[in-house]
Every structure is written in structure tokens, then in C-alpha cells.
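In: Let's see this in three dimensions:
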Amino acid sequence: MLTAQEPSAKYLVNLQPPLVRHFDLIAQAPGGVARLRELILTLAVQGKLVSQDPSDEPASELLKKIRAEKDRLIAEGKIKRDKPLAEIADEEKPFELPNSWEWCRVGAVTTYGSSAKAATIKSETWVLDLEDVEKGTGKLLNKSRFSERPALSDKNVFFAGDVLYGKLRPYLNKVLVADEDGVCTTEIVPLRCYGPYVPSYFAIALRTPFFLEYVNALSYGMKMPRLGTEDARKALLPLPPLAEQSRIVTRVEELMQLCDALEASGQLEAQQHAQLAVTLLGTLTQSVTPVELADNWQRIATHFDVLLDRPEAVDAFEQTILQLAVRGLLVPQDPTDEPASVLLQKIRTEKDHLIAQGKIKRDKPLPPITDEEKPFELPQGWEWARFPELGEFGRGKSKHRPRNDPALFNPPIYPVVQTGEVARAKGVIQEYHSKYSEVGLAQSRLWPEGTLCITIAANIADAAILGFDACFPDSVVGFVPAQTLGNAKYFLAFMETARNDLIKFAPATAQKNINLEILGGLLIPVPPLTEMSRIVSRVNELRSLCADLRRQIVNARAVMESLSKSLVAEV
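Out: This is a model prediction of the structure:
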């Protein structure tokens, strides 16, 4: 990333020393480059970006020329005399200007609001729409001709050198200077000064935070706010001497190029960092033996300070931990552990006993698991299984009544957990926002605390454990592990690793969903019971460390952001 010591920093020599000293720090803070852009524009229109030259003709003389030219055009009948604008009171002025500058109103010095409409349009004419202008920067993203984009509605005519101001959703800050004649949507207002002026300076002034604050306060319309013509004409404009306008534009362009470089550098760094994280963390999950894993882990551990310096990298690392856990690579195997094959037989015996007692229904026989189906090789003592083999498994709702049937919820008795509550839970579901009546319970069932809830619609395969007894709809599947297993914590960790695979089964439609058969056919790596307990403990420990690391990163970024704001404010 560029720093204040590199050649590009020569453009900053006239700025206040704190900004120069800490330019790189400000740029690296969250939103730092955007804040720098705003600061540059603010300094530009406050007369603090370039020095004043006593030999410049003052803006008061420039205003006289502008008024004289406007009066001439009115006298010749080329423009109409507009409604007089109020004098500018001292309390209106948002900041103090240099002695050689003047405050004026947009409508007093420009043609804002008097655009001509295009009668006919030639095929080679430039046709400009708001979508062609980049928000915030005013850069032109696309230039289309009438032959490519036929205009079916009224269009404003503009000429090379006109300032083009986007009045629709003005908070997007879409302002640019035309480099050739053309036509534009009526949501873009062409304007030019009546007298001598530097168009790019006027474009800068219309993009400044102080002007943006003014238009945001006066824009009307909820969904598609726009700035009214009279409010725009009343807006204040800081007017420097003509020669200083040119110097300001040159300096702003230089500094914006520096911001572009800082932004590009940051994006490249983020991309490279993400690639580094994917590559290095990928070596962990590709490890075949504990020895190979130890070697790969050591290689990464020496670069933790670089690798895990942003929240998204910690997220990726946490996912890697879960992948290692379900592959048998997170904790060592103990040959004295009772193997998972025995555990599965105990579960089968337990289920048969419950079926014989009529407490649960006999599930459909599942086909044997073939070697081709197995996604990776398991450690000695582990087995592959499916949810129906490991406990009670089923949809939340079996009978259906209309969702708006008041009988479902009146009187409210039994908590109902929806997909949103599952998605928002951090491991354990602690919230609900509705309750079923006895009628609602009859079409569902009351699942016990400790049930693993898995969503199969909207947010596919989000999972969390019930923190209380509750019902849920058919968009949520419940899994109650066999008593032999104890709890569902291991299977919750497994579901976090399986989500991407399950999403692949969802249809390519706006409403993503999977069915019960897909979820029930999912292969689950099952370790010995005692190893399962060790895995859960280790996962909890490492996830707690990841949470601490995220907090440290967030706190460090907050300090950096606060410091950068303070430095900007000092300027």
C-alpha cells in the first residue's frame, strides 16, 4: 500500500501536517479511502487545498462578469429573467471562505433548471443515463450512442463542458463534466455558468459533503427521492477566483488518483490475502495422516499474525477446524476406545426397543453405504451413518392447516421455532416469537430440549440446538440423538461443514429448499463415543479462541477508525 513517504505523497505537501504524517493510517482504516475523498473535496471548497495567490482576480470581480453576461443574454432574449433569489445571510454560510472567495447561489450563476429538450436525436448522439455514472466518484462507466440505446422519453440536451448533475437519489453523488455534446435523461440536469468558469470545479463543489447534506435534507419522495429545481437553485456555492479554480481541480485530480491507487492496492491485498488463506488452510484439510497434518499446521502457525488479521480469515479458519474435527484429524485416536461400529449397534438396539414399546415408528430401511459414496477415508474405529440411523429424525409438521388459521395459535401455549430463529441462533436456540395452541400441536409435535433443528427451506441447512421444548413447521427438520449418544453437539458441528454440499441439491430458484430425503441420505462420519466427546471439547475450545481473536480484530479496527476520524477532524 502507498504511504506518505512514497512519491505520490508529494501532492499532500500543502495539507495540514497531521494528515500528511498519518495519510496511510487513515487510508487503511475501515472506510478510510472514502473518508479521504470526502476530506479532499471539503478542503477544496474551503480554500484549504491550494494556497491563495494575491495576484488572482478576486471572485467578486468574477461575479460581476457572470452577472453582466446573464443580463446580456436576458436583454437579447436568449434566456428568460428568472425569479430573484434571496440575499445570502451570514447564518446560512456553513463555513468561512478565504478573502478572495465569494458565496453565491447555484441559480444565480448557472443555468440550472433551464435545460432544452431534444427535438430530434441523431444515431451517433451520446445518450447518457444515470446508470452510466459511478456513484460517489462521478466517473463515466459507459458511453452509449442513440443507435445503441434509442431514447423513447424526453431528453435534456447538453453540450461539451456542461456539468451534469443527477438529481434523482442525489445521495448517490453522480456528477460529471461532459466531454462532448449529447442528450441525457431528465433526471440528470445539465448546467453551465453564465460567465467564465472551470466546469470541473463546479462538479467538485456539487459532490462535497456540505452540498450533499443540503440536498439530502431537501430531497422529496420516499422510494426515489429527488432534488426539486427551486431548492437546487437556492443552494449555496463557494466561488473561488477563476485561476484558483483551475489550481484546485488539478490538485483534486492528483489526490483522487492517489486515492484510486490506495483503493486498488487494498483490493489487491484483500484478494491476495484470501487466496493465501484458501491455499494454506486447504493444506490442513487435505492432510491424510496426523504427521502430515502436524507438518502443515506448523507451517501455518508461524504465519498466524499475517493470516488471521481479519474477521473473514478467522471465519475460514474456524470452518477448517470443523472440517478437521469431522475427518478425525483434530484430536488423536485412542486404540482403547470402543469403535463406532459397536456404538451404532447399541443405537440400533435402543431404537428397536423403542419401536417395540410403540414410542417411535419403525423407519424405512436405508440402502447400504457403498465405497463410491464415501467422500473421504475415515480413521480406524470410525463409521459412516445417516441421521435416521442415529436417532429420531423427521419434519416439524405432519398435518397441514392454513397458516393464517387463528385456531393454530389461539390460545398460545407451545413455543414455535421458525427458520429465522434457527438461522439467528449461535449454537443454541433461545428465542421464539409465536406459540401454537392445542390445535397447532396436533398438526406438529413438541420436540424436546436438545433437539438438533435443521432448516430445509429459505436458509438451507442452518442448524442449532433447541434450548427448550418447542414445535416447528415443515421447513425445519428435527433430529433427537439416541440416548446412547448423549447430545447433538457433534452433529451440530458436522452440519456446519455439510451446508455447502446440501445447497448444491437446492433448485436454482429464488426460494431455495431441499427435501427430507436429501437430508436423511446425508453421510455422517461417526467417531467412537469417547472420541466424539474429545472432539466437541476441542472444537469448543478453539471456537472460543476464534471468538476472542475476532473481538481483538474488531477492537483494533475500531481504534484505527477512531484515530483516523480524529486525524481527519484535526485537519
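In: And for the closest residue to L172 other than its chain neighbours, the neighbour number?
Out: Among residues not flanking L172 along the chain, K135 sits closest, at 4.0 Å (CB to CB, 6 or more residues apart in numbering). Yep, even glycine has a C-beta here, placed from its N, CA and C like the rest. For K135, the count of nearby residues is 14 (other CB atoms under 10 Å).
In: Is K135 in contact with P170, as I believe?
Out: No - contact criterion CB atoms under 8 Å: K135 and P170 do not qualify, at 10.5 Å.
In: Was I right to think R145 contacts I121?
Out: No - counting by CB under 8 Å, R145 stays clear of I121, with 9.7 Å between them.
In: Neighbour count: these two, which is higher?
Out: Set R145 next to I121 and count neighbours by other CB under 10 Å: I121 wins out with 18 against 15.
In: Please work out which residues outside stretch 483-497 touch it.
Out: With contact meaning CB atoms under 8 Å, 6 or more residues apart in numbering, stretch 483-497 is reached by 319, 322-323, 325-326, 343, 346-347, 350, 387, 390-391, 427, 450-452, 454, 461, 463-465, 479-481, 524-525, 527, 529, 532-533, 535-536, 539.
In: and those residues, which of them are in helices?
Out: Of those, the ones assigned to helices by DSSP state H are 319, 322-323, 325-326, 343, 346-347, 350, 387, 390, 529, 532-533, 535-536, 539.
In: Any of these buried? List them.
Out: Listed as buried from those are 319, 322-323, 325-326, 343, 347, 387, 390, 529, 532-533, 535-536, 539; burial here means 16 or more other CB atoms under 10 Å.
In: Max pairwise distance over these: which two?
Out: Greatest spatial distance in these: Q319 and I347, 28.2 Å, computed using CB to CB.
In: how about low-confidence regions in the stretch 51-200 of the chain?
Out: 151-152 (pLDDT under 70).
In: per-domain residue ranges of the chain.
Out: The chain breaks down by automatic domain parsing into domains covering 59-240, 265-322+545-570, 340-527.
In: now those as CSV including distance to E38?
Out: Listed next are the domains of the chain as CSV, based on distance: least, CB to CB, whole Å:
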stretch, distance to E38
domain 59-240, 5
domain 265-322+545-570, 8
domain 340-527, 34
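In: nearest to E253, of these?
Out: When those are compared by CB to CB, domain 59-240 sits nearest E253, at 7.8 Å.
In: gap between the two ends of the closest one?
Out: One end of domain 59-240 sits 5 Å from the other (CA to CA, to the nearest Å).
In: Report the contact partners of the residue nearest to L172.
Out: So K135 contacts 172-174 (CB under 8 Å, 6+ apart).
In: How about S153?
Out: So S153 contacts 185-186 (CB under 8 Å, 6+ apart).
In: Now do it against I369, distance only.
Out: 63 Å (CB to CB, to the nearest Å).
In: S200 too?
Out: 69 Å.
In: Give me the more crowded residue out of these two.
Out: Using other CB under 10 Å as the criterion, S200 and I369 rank with S200 on top: 20 against 15.
In: Can you tell me the element the closest residue to that one other than its chain neighbours falls in?
Out: Closest residue to S200 apart from its sequence neighbours, by CB to CB, 6+ apart: V249 at 4.4 Å. Here V249 is covered by helix 242-285, with elements defined by DSSP states H and E.
In: circling back: state the pLDDT value of the residue nearest to S200.
Out: On the pLDDT scale, V249 is placed at 95.
In: correct me, but it touches A205?
Out: No - if you go by CB under 8 Å, V249 and A205 don't touch, sitting 10.8 Å apart.
In: Residues touching stretch 86-101, excluding its own?
Out: By CB under 8 Å, 6+ apart, stretch 86-101 touches 46-47, 52, 54, 56, 58-59, 103-105, 210, 234, 236, 238-241, 244.
In: And that stretch, what's buried?
Out: 97-98, 100-101.
In: likewise stretch 168-186?
Out: Neighbour-count burial for stretch 168-186, counted by 16+ other CB under 10 Å, picks out 168-170, 173-178, 182-185.
In: Could you dump the residues you listed into TSV with secondary structure added?
Out: TSV is the format used below for the buried residues of stretch 168-186 (DSSP: H, G, I helix; E, B strand; the rest coil):
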residue	secondary structure
L168	strand
R169	coil
P170	helix
N173	coil
K174	coil
V175	strand
L176	strand
V177	strand
A178	coil
G182	strand
V183	strand
C184	strand
T185	strand
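In: how far away is the spatially closest residue to A385 that is not a sequence neighbour from P365?
Out: Leaving aside its sequence neighbours, A385 sits nearest to V526 (CB to CB, 6+ apart; 4.9 Å). V526 sits 19 Å away from P365, going by CB to CB.
In: who's more crowded, those two?
Out: Legend: neighbour count by other CB under 10 Å for V526 and P365, higher for V526 (28 against 7).
In: So what sits opposite that one in the bridge?
Out: Using DSSP bridges, the beta-bridge partners of V526 come out as E383.
In: Please verify my assumption that it contacts E383.
Out: Yes - in this structure V526 lies within contact range of E383 using CB under 8 Å: 5.1 Å.
In: Out of the contacts of K135, the closest to E76 would be?
Out: Distance to E76, by CB to CB, is smallest for K174 among the contacts of K135, at 33.4 Å.
In: I figured the closest one was touching K139, is that so?
Out: No - with contact defined as CB under 8 Å, K174 and K139 do not form a contacting pair (9.8 Å).
In: any shared contact partners between these two?
Out: Shared contacts of K174 and K139, defined by CB under 8 Å, 6+ apart, are found at V133.
In: picking up where we left off before, wait, which of the domains of the chain is closest to R35?
Out: Across those, R35 has its closest neighbour in domain 265-322+545-570 (5.9 Å, CB to CB).
In: Redo the buried residues of stretch 168-186 as TSV? Include distance to G266.
Out: Shown next, in TSV, are the buried residues of stretch 168-186 (distance: CB to CB, whole Å):
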residue	distance to G266
L168	30
R169	27
P170	27
N173	21
K174	23
V175	24
L176	24
V177	27
A178	31
G182	34
V183	37
C184	33
T185	33
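In: Next, show the common contact partners of V526 and E383.
Out: Common contact partners of V526 and E383 (CB under 8 Å, 6+ apart): 340, 343-344.
In: of all those residues, which comes closest to P311?
Out: Nearest to P311 among the shared contacts of V526 and E383: A340, at 35.4 Å, using CB to CB.
In: give the contact list for the closest one.
Out: 381-383, 385, 526-529.
In: P190 too?
Out: Residues near P190 by CB under 8 Å, 6+ apart: 111, 115, 156-159, 162-165, 178, 184.
In: Would you mind writing the PyMOL command to select the buried ones in those?
Out: Buried residues among the contacts of P190 (16+ other CB under 10 Å), as a PyMOL selection:
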select buried, resi 111+115+156+157+158+162+163+164+165+178+184
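In: Tell me the one among the contacts of P190 nearest to G221.
Out: For those, the residue nearest G221 by CB to CB is Y165; the value is 16.8 Å.
In: Now the closest residue in space to L218 that isn't next to it in sequence: phi and psi?
Out: For L218, ignoring the flanking residues on the chain, the nearest one in space by CB to CB, 6+ apart is D231 at 4.4 Å. Taking degrees, to the nearest 10, you get phi -60, psi -40 for the backbone angles of D231.
In: Now for D231, how many residues are close by?
Out: Using other CB under 10 Å, D231 has 17 neighbouring residues.
In: Just confirm it contacts A217, I think it does.
Out: No - with contact defined as CB under 8 Å, D231 does not reach A217; the gap is 9.2 Å.
In: Wait, a helix at A498?
Out: Yes - under three-state DSSP, A498 sits within a helix.
In: Relative to P375, how far out is it?
Out: For A498, the distance to P375 - CB to CB - is 10 Å.
In: re the thing from before, which ones are touching the residue nearest to S200?
Out: Each residue near V249 by CB under 8 Å, 6+ apart is listed here: 198, 200-201, 204.
In: Make sure G166 is actually in contact with V175.
Out: Yes - judged on CB under 8 Å, G166 makes contact with V175 at a distance of 6.7 Å.
In: list the residues that contact both of the two?
Out: Residues touching both G166 and V175 by CB under 8 Å, 6+ apart: V133.
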